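In: Have a look at this prediction, sequence included:
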Amino acid sequence: MVIDRTGLAEFLRRRRESLQPEDVGLPRGRRRRTNGLRREEVAFLCHMSTDYYARLERERGPQPSEQMIASIAQGLHLSLDERDHLFRLAGHTPPPRGADSEHISPGLLRILDRLYDTPAEIVTELGETLRQTPPAVALTGDLTVFSGPARSLGYRWFTDPATRRLYAPEDHAFLTRMFVSGLRGVATLRGPGSRAAHYVELLLAQSEEFRQVWNDHEVGIRPDEVKHFVHPEVGALELNCQTLLDPDQSHILIVYTANPGSESYERLQLLSVIGPQALR
């Protein structure tokens, strides 16, 4: 496929002009004369330099990579159809849809953008964190930095002892069974050759604890609505966990809240002031 520089530039410009700062979780600010988003705001959302993005709108520069196009599609809150169109304009084959896709739907992103003062994250069916709000980073650390199988919380649970420190010890046994049960369900659903099946193979080879629990053949163990965290700065937190599922992409929005007036509520407020530096 060949890049359509004119079509790409026009499409990017139209999508940028159709968005307002509040649509993507950005402050509007004063003295705003630009129709839609500024180029520097799009560049910020897409994790690239303003100069690089500007060159795309001006039909200049090298052909953007698939990774760069995926980042632009997410930053501009494109739908799946719009994402696929963008890939084709850039001269690339669109990535697959469904459970293996990491493109978050615009609707789910809009909800997350409005939860700027609440711990919330979007994860895949394998517990791979795709996006977090700043309070969520303060609560659990930046979970988007992991790569490979370690992106999955369930995988880290059995391979990285530090993962368990944030969770109350009395919950560890249940969480162990829950992670194994959940992975078994996804691996069965997606079948041989899936990423879930690959994680099962890795964990069977690496973790005796995983092997023992796997042999129990438990299925259908659901997460508790209340989760107990042990934060190194603010201490114990008892948080309610609410979820919203995007069935098309198998992405889950998880929101953590505390009962107003409770000790956990006060500690969560303190955590929002402290920020994420405590877990660096």
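Out: All right, it came through fine.

In: Would you mind listing the buried residues in the lengthiest strand in the chain?
Out: Scanning the chain for the longest strand, with DSSP state E as the assignment, gives strand 235-246. Within strand 235-246, the residues that qualify as buried are 237-239, counting by 16 or more other Cβ atoms under 10 Å. Heads up, the C-betas are built off the backbone N, CA and C, glycines and all.

In: Closest one to Arg55 out of these, please.
Out: Within the buried residues of strand 235-246, proximity to Arg55 (Cβ to Cβ) peaks at Leu239, which comes in at 44.4 Å.

In: count of neighbours near the nearest residue to that closest one once chain neighbours are set aside?
Out: Closest residue to Leu239 apart from its sequence neighbours, by Cβ to Cβ, 6 or more residues apart in numbering: Tyr256 at 4.4 Å. Using other Cβ atoms under 10 Å, Tyr256 has 23 neighbouring residues.

In: in terms of contact, does Tyr256 touch Gln132 like I think?
Out: No: the criterion here is Cβ atoms under 8 Å, and Tyr256 misses it with Gln132 at 10.9 Å.

In: who touches both of these two?
Out: Counting by Cβ atoms under 8 Å, 6 or more residues apart in numbering, the common neighbours of Tyr256 and Gln132 are Ala120.

In: any chance you could map the strands in this protein?
Out: Along the chain, the stretches classed as strands by DSSP E are 120-123, 129-132, 226-231, 235-246, 251-257.

In: so how far is the third one off the chain centroid?
Out: Taking Cα atoms, centre = their mean, to the nearest Å, the mean C-alpha location of strand 226-231 is offset from the chain mean by 20 Å.

In: related to what we said a few turns ago, ok, the buried residues of strand 235-246 vs Leu80, which is closest?
Out: Taking the buried residues of strand 235-246 together and measuring to Leu80 by Cβ to Cβ, the closest member is Leu239, at 31.9 Å.
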